[in-house]
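# Please find the sequence and the predicted model below.
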Amino acid sequence: MFVSFEGIDGSGKTTLAGRLYEKLKAEGADCILTREPGGCPAGEEIRKLILEPGCDLPADAEVFLFLASQCVNTVNRILPALRDGKTVISDRFYHSILAYQCYGKGYDRAFVERLCRTALRSLAPDVTFLLDITVDEAAKRFAEPDRFTEDTAFLERVRRGFLELAEEEPERIVIIDAGLPLEVKLDIVTDKLYALGTGEKK
Ligand code: TMP
């Protein structure tokens, strides 16, 4: 199974993805935890480049770099793990490109979706958990703002983008209130995975 976590910066998705990974490992599941941008050596190099403070990239270069990271991580790490029967947990995947670069920065969505299909070999998560939080609340939680978190209006567009994507794909994208206690969020996630795995509700 391929599981992704999405949300604006400060939504707590990295913590929740990590907790799910630890829980599944403790139960003896064969799983890997990865992230975007990053997740593999080349991806982590791309991550450094994109997130470099003051790095001034045109919108299309940004799209290509995020996509390059996802492409190499998909081909070299995610697809082989899925083929081996492992569960893959990804902290962000292509919904972030759509929300940040298309909704946030206005880059053409149809074009990006075409690029994603090619670069990601048409891979899509089986389920995506969207941690929803207001921009104001999220700002209080940033460890350190990066160049994607400085602009409030931009983050509002990204948040709206994620919510619209969730409306389009209610079967795949589960919205979770980021303000809930961590253990409650973890229960929501594991109940959904259980239901997907067995076809029934716990
Ligand atoms: P992170 O904070 O979740 O590690 O993500 C790093 C930043 O990169 C975050 O501000 C969101 C941004 N980002 C995009 O703009 N587009 C993307 O496709 C991805 C994966 C991340």
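Nice, thanks for sending it over.
# Quick check, Lys23 in contact with Thr190.
Yes: at 6.9 Å, Lys23 counts as touching Thr190 under the criterion of C-beta atoms under 8 Å. All C-beta atoms are positioned from the backbone trio N, CA, C, and that covers glycine.
# Glu105: what's it in contact with?
Small correction: residue 105 is Lys, not Glu. Ala59, Glu62, Phe154 (C-beta atoms under 8 Å, 6 or more residues apart in numbering).
# Swap in 6 Å and give it another go.
Ala59 (C-beta atoms under 6 Å, 6 or more residues apart in numbering).
# From Ala124, how far out is it?
22 Å (C-beta to C-beta, to the nearest Å).
# for Thr14, same thing?
For Thr14 relative to Ala124 (C-beta to C-beta), the value is 21 Å.
# now swap in Ala29 and tell me
Remark: distance between Ala29 and Ala124 (C-beta to C-beta) = 21 Å.
# same deal with Glu183?
For Glu183, the distance to Ala124 equals 29 Å [C-beta to C-beta].
# between those two, who's got more neighbours?
Of the pair Glu183 and Ala124, Ala124 is the one with more neighbours under other C-beta atoms under 10 Å, namely 15 against 8.
# residues in contact with Tyr100?
Tyr100 sits in contact with Val158, where contact means C-beta under 6 Å, 6+ apart.
# And Arg47, by the same measure?
Residues near Arg47 by C-beta under 6 Å, 6+ apart: Pro37, Gly38.
# and it, what element?
helix 41-51 (DSSP states H and E).
# list the buried ones in that helix?
Neighbour-count burial for helix 41-51 flags Gly43, Ile46, Arg47, Ile50 (criterion: 16 or more other C-beta atoms under 10 Å).
# Show me which positions of stretch 121-135 end up buried.
Applying a neighbour-count criterion of 16+ other C-beta under 10 Å, one finds Leu123, Pro125, Val127, Thr128, Phe129, Leu130, Leu131, Asp132, Ile133, Thr134, Val135 buried in stretch 121-135.
# Any chance of TSV for the residues you listed, columns distance to Glu113 and secondary structure?
As requested, the buried residues of stretch 121-135 are exported to TSV (distance: C-beta to C-beta, whole Å; DSSP: H, G, I helix; E, B strand; the rest coil):
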residue	distance to Glu113	secondary structure
Leu123	13	coil
Pro125	15	coil
Val127	19	strand
Thr128	15	strand
Phe129	21	strand
Leu130	18	strand
Leu131	23	strand
Asp132	22	strand
Ile133	26	coil
Thr134	27	coil
Val135	25	helix
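# show me which of the residues you listed neighbour the ligand.
Among these, no residue is within reach of the ligand (C-beta under 6 Å from any ligand atom).
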